[in-house]
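Trainee: Give me a 3D structure for the following:
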Amino acid sequence: MKVTVLGSAAGVPTPERGLPAVLVEVEGELVLFDCGEGTQRQMMKAGYGLCRKMKIFITHLHGDHIFGLPGMIQTMNLLNRMHPLEVYGPPGLREFIEETTMATMSEPVFDLTVHEVSEGEVFRGKRYRIEGAWGDHSRATMAYRMVVGEGPGRFRPRRARALGVPEGPLWSELKSGRKITLRDGRVVESKDVLGEPVPGKILVYSGDTRFSPNIVRLATGADILIHEGTLASGLKELAEMEGHSTAEVAARVAKKAKVKRLILTHISARYPDTRVLEDEARKIFPRTEVAQDLKVYDLKS
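Mentor: Next up is the predicted model:
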């Protein structure tokens, strides 16, 4: 599980920071959170092609988080992309892509599917799953929790035999986490024959939000929390009014959620020197750093 910050600016890009986007690579598949303007170029600079298997998860429909989508889709078209592309996000995303974006370009040569999502499980695949929770911004915004590499515990054959489960298809059912019914009517659940579950690696991406108990719950136990810390506390009234978090607020979320590492992103152009944000957050949550574009975090799953 390799995490690359592609863009970490708030609202407008700067010479050092592109607009919001975070890319995760899981066993050759790409998962992109948000797609600010210029994201496709950042992907290229990071060494990622646009024709690979990929899903995109959008937090909300403000321009700095979605204006990279039209250009990316257009470039994929010009490159004759073959893999399908699925885009997930809050209500209104389908209209933006299918009516606004598609009106300015030719029909995609690849399958493009838009999923409008709500809280709860958003996607589940073999390698990872993603769930969402509403944040608190000036418009509907979805935070995402990505869990990679989790699985059931080790199967215990002796325990299965002791319970009278014959070797064969029923063992496979139990290994997959399902319960079975034996010929004598007894029910055996997977937990009866499996060891402790294997925990996955967890990434949580907040999008834009004020302090939100929903995001605290979503981020509980995460290995990495990427949370917006747009402003310093000296501008907390402005942050609250515009639906954003200060670095201090992000640190409080990280502390309450007991995460392992906090990365501050969505950095205002007011802060060419981000030490004020980092210092502010570290007083509450020491394992904090400010995002840097194209920095890579490698989480072994």
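
Trainee: Find the helix or strand that the residue of the chain positioned farthest from its centre is a member of.
Mentor: Ranked by distance from the centre of the chain (Cα atoms, centre = their mean), the top residue is D184, with 45.5 Å. Per DSSP states H and E: D184 is located in neither a helix nor a strand.

Trainee: which of the residues in stretch 101-114 are buried?
Mentor: For stretch 101-114, burial by neighbour count (16 or more other Cβ atoms under 10 Å) applies to 101, 112, 114. Where C-beta positions appear, they are placed from N, C-alpha and C, glycine not excepted.

Trainee: From these, which one has the minimum pLDDT?
Mentor: Across the buried residues of stretch 101-114, the smallest pLDDT goes to T101, namely 77.

Trainee: Going by residue numbers, what spans are strands in the stretch 101-250 of the chain?
Mentor: When secondary structure is read from DSSP state E, counting those that start in this stretch, the stretch 101-250 of the chain shows strands at 112-116, 120-124, 128-134, 142-148, 180-181, 187-188, 201-205, 224-228.

Trainee: Can you report how many residues lie near E240?
Mentor: Using other Cβ atoms under 10 Å, E240 has 16 other residues around it.

Trainee: For it, which residues are in contact?
Mentor: Shown in contact with E240 (Cβ atoms under 8 Å, 6 or more residues apart in numbering): R210.

Trainee: What of S118?
Mentor: So S118 contacts 90, 132 (Cβ under 8 Å, 6+ apart).

Trainee: Buried residues, the lowest-mean-pLDDT helix or strand in the chain. List them.
Mentor: Using mean pLDDT, DSSP states H and E, helix 169-175 stands out as the lowest-scoring helix or strand of the chain, at a mean of 88. Going by neighbour count (16+ other Cβ under 10 Å), the buried part of helix 169-175 is 170-171, 174-175.

Trainee: for stretch 249-264, same thing?
Mentor: Within stretch 249-264, judged by 16+ other Cβ under 10 Å, the buried ones are 249-257, 259, 261-264.
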